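# Below are the sequence and a predicted model for it; my questions follow.
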Amino acid sequence: MLTAGVAHEINTPNNATLRNVPIMREIWMELSEALGRLYEAEGGYNVHGYDYDDLKRELPAMLDDVYMGAQHIRKIVTDLKDYARGPSQLEGSAAPADVNQAILYACRLLKHAITLGTKHFIQDLADTLPPVRADRLKLTQVIVNILENAIQSLQSPDASVRIQTLVDQVAGKDGSVPWVCVLVIDEGQGMDQQTLASVFDPFFTTKRDRGGTGLGMPVALGIVRELGGTIELQSSIGIGTSVLVRIPSCPDTVGGYHDT
């Protein structure tokens with residue numbers, strides 16, 4: 001309840017910023033034309049030390065900074081709420097979910113970041129996967145958080161990110177159900193062992209200057225654990241990082257699954 005209350009108090013004024021900045025952009029577009037005509041008619045002038053050319057260049061950038069800052073605040077609040085949620089809040093929304101579909105949706109959400117981040121984004125999705133019991137949106141959030149980290153770790157667009165799905169049949173040989181696995185491998189800068197040991201610590205980030213909140217991986221781990229699954233990381237400096245997510249498939253639907 002405390003987290004929800006704080007989130008509401010932050011989001012209410014922040015939403016006003018998110019609503020008003022696009023309107024201010026449109027107003028500025030019209031004003032800039034009028035200022036341009038005034039500049040041509042009266043010659044040089046300045047507003048708070050900004051001449052017309054400065055205003056044309058700097059004011060849109062200022063509005064962009066404000067809007068991006070408000071988006072960042074919204075993301076931090078969302079991550080805090082997700083991190084504070086308990087397993088009971090996932091119950092009731094969980095249903096058989098297709099991991100491949102969650103990945104495709106996550107990739108659509110990250111299309112712009114993927115395009116800018118790498119020329120080599122590889123999807124290697126299994127033709128047939130048993131469903132897992134999960135909230136589809138939460139499952140998508142896990143994939144988004146992991147992929148965002150992978151893309152942000154790349155030091156060149158020529159470096160690759162691969163996402164792969166497969167079924168771990170060995171896990172089901174003791175009578176339990178097979179596990180669905182998602183493997184994300186990047187050719188990013190990698191992490192040393194000290195950094196790797198802190199990845200799941202809330203608010204730990206090596207990307208503070210690029211907007212990192214340090215909540216993406218803790219949130220992902222919390223969701224996966226609620227699903228009865230695990231996340232494993234391996235990383236080497238200068239080589240990259242691999243993240244393996246394992247989630248048990250639905251016991252009541254696995255009978256209809258056939259590995260081909």
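In hand now; what should we look at?
# CA only for contacts and neighbour counts going forward, please
Noted.
# How is the chain divided into domains?
2-84, 95-256 (automatic domain parsing).
# List the contacts of the worst-scoring helix or strand of the chain on mean pLDDT.
Of all helical and strand segments in the chain, the minimum by mean pLDDT, DSSP states H and E falls on strand 46-47, at a mean of 74. Counting by CA atoms under 8 Å, 6 or more residues apart in numbering, strand 46-47 makes contact with residue 52, all of which sit outside it.
# next structured bit after that strand?
For strand 46-47, the following helix or strand on the C-terminal side (DSSP states H and E) is strand 50-51.
# what pairs with that following strand, and is each one parallel or antiparallel?
strand 46-47 (antiparallel) (DSSP bridges).
# and residue 8, what element?
Applying DSSP H and E, one finds residue 8 within helix 2-42.
# Mind giving me the packing neighbours of that helix?
helix 52-84 (3 or more CA pairs under 8 Å, 6 or more residues apart in numbering; DSSP states H and E).
# Okay, angle between the helix it packs on and helix 2-42 too, please.
With axes from the mean of the first three to the mean of the last three CA atoms, to 10 degrees applied, the angle from helix 52-84 to helix 2-42 works out at 170 degrees.
# Distance from the chain centre to helix 52-84, please.
16 Å (CA atoms, centre = their mean, to the nearest Å).
# Now it: average pLDDT?
Across helix 52-84, pLDDT averages out at 79.
# So what's the residue count around the closest residue to residue 157 other than its chain neighbours?
Counting by CA to CA, 6 or more residues apart in numbering, residue 157 lies nearest to residue 118, which is 4.0 Å off, once chain neighbours are set aside. Residues near residue 118, counting by other CA atoms under 10 Å, number 18.
# Same question for residue 60.
15.
# hey, where'd the helices end up in the stretch 51-200 of the chain?
52-84, 99-109, 111-117, 136-153, 193-196 (DSSP state H, counting those that start in this stretch).
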